[in-house]
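Student: Below are the sequence and a predicted model; questions follow.
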Amino acid sequence: MAFNVYTELDKANPNVVPDLLRLMKAGSGLHQTVARFYTGAVSAHILTLPDGAKARQILRCWATAAGSAGNKIVAVPEATPGAGACSVTQIGNIEFAAADAVTACEITYIPVEGELVEETIPVTAGGAGTFVNSKRATMLMTASLNSPAASTGAKTIDDRGTGAAAGHAQLTVTGTGVEFNAADCTAVCSANVTYYAVPGVGTEEDDFGARLEASFTS
């Protein structure tokens, strides 16, 4: 007989719960979906969040030390915030407006969900790199071109989009790969990348909510 994971968890049957927790990978699921509270110093207008706990969405932010302290408006992600605002950067940290001179803050946020993937991807002459196994990414963390690229090594990560500048890299609009500057990739090469994969796409596991709703047979 088939059951849903979340309804069976509600029953708290000690003979079943351990298997359900393993099935749904509850530890990693909760780690990536429960709202976080974090307080720390801001350097050069950036609050750097811990590795493995980068931000996807800001819920609330309060500048505790600043030229302009207090609540901050949540701006569009990956956009430079204006005065009185904050935003999630392209690599999951928190950016403040230079005019606010924020040096410390406290923030409540939703972390990025999905596996942190490290892989080597093929890159065409012209700078188009595609993720392996039809995966997509929500956030590109690092990107480094390998020989025989015209410009090897680590690249600065830009906002998702098109038209990467020299020495830079960015997620494509669809999130299915990485775009490098064409002049940096005049020959077919490869790149080492680190990114958060979209759950349930390609070979990735479903998101935590879908795992809770999954059916199983006792």
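Tutor: In hand now; what should we look at?
Student: what sits opposite the residue nearest to the spatial centre of the chain in the beta ladder?
Tutor: Centroid check for the chain by Cα atoms, centre = their mean gives Met139 as the closest residue, at 3.8 Å. For Met139, the residues forming beta bridges with it (DSSP bridges) are Tyr196.
Student: For it, list the residues it contacts.
Tutor: Contacts of Met139 were listed using Cβ atoms under 8 Å, 6 or more residues apart in numbering, and they are 54, 56, 90-92, 112, 171, 195-196. Any C-beta I mention is one placed from the backbone N, CA and C, and that applies to glycine too.
Student: quick one: low-confidence parts of this protein?
Tutor: Residues of the chain meeting the criterion pLDDT under 70: 1, 218.
Student: So it: which segments form each domain?
Tutor: Following automatic domain parsing, one finds the domains of the chain at 32-111, 116-197.
Student: Reformat the ones you listed as TSV; add distance to Glu204.
Tutor: Below are the domains of the chain laid out as TSV (distance: least, Cβ to Cβ, whole Å):
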stretch	distance to Glu204
domain 32-111	13
domain 116-197	5
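Student: so how far is the biggest strand by length in the chain from its chain's centroid?
Tutor: When the chain is parsed with DSSP state E, its longest strand is strand 55-65. On the basis of Cα atoms, centre = their mean, to the nearest Å, strand 55-65 is displaced by 16 Å from the centre of the chain it belongs to.
Student: One more: stretch 129-145?
Tutor: Averaged C-alpha coordinates place stretch 129-145 at 11 Å from its chain's average position (Cα atoms, centre = their mean).
Student: List the buried residues for that stretch?
Tutor: Residues of stretch 129-145 classed as buried under the neighbour-count rule (16 or more other Cβ atoms under 10 Å) are 129, 131, 135-141, 143-145.
Student: out of those, who's nearest Asp184?
Tutor: Nearest to Asp184 among the buried residues of stretch 129-145, counting by Cβ to Cβ, is Leu145 at 6.3 Å.
Student: Show the contacting residues for that closest one.
Tutor: Here Leu145 is in contact with 123, 151-153, 155, 180, 184-185, 189-191 (Cβ under 8 Å, 6+ apart).
Student: This protein: helices as residue ranges?
Tutor: Counting by DSSP state H, one finds helices in the chain at the ranges 5-11, 17-23, 26-33, 208-213.
Student: Quick one: closest of those to Thr162.
Tutor: Ranking those by proximity to Thr162 (Cβ to Cβ) places helix 26-33 first, at 29.0 Å.
Student: Could you list the buried residues of the closest one?
Tutor: The neighbour-count check on helix 26-33 (16+ other Cβ under 10 Å) flags 26, 29, 32 as buried.
Student: can you put those in CSV and add distance to Leu9?
Tutor: Below are the buried residues of helix 26-33 laid out as CSV (distance: Cβ to Cβ, whole Å):
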residue, distance to Leu9
Ala26, 9
Gly29, 12
Gln32, 18
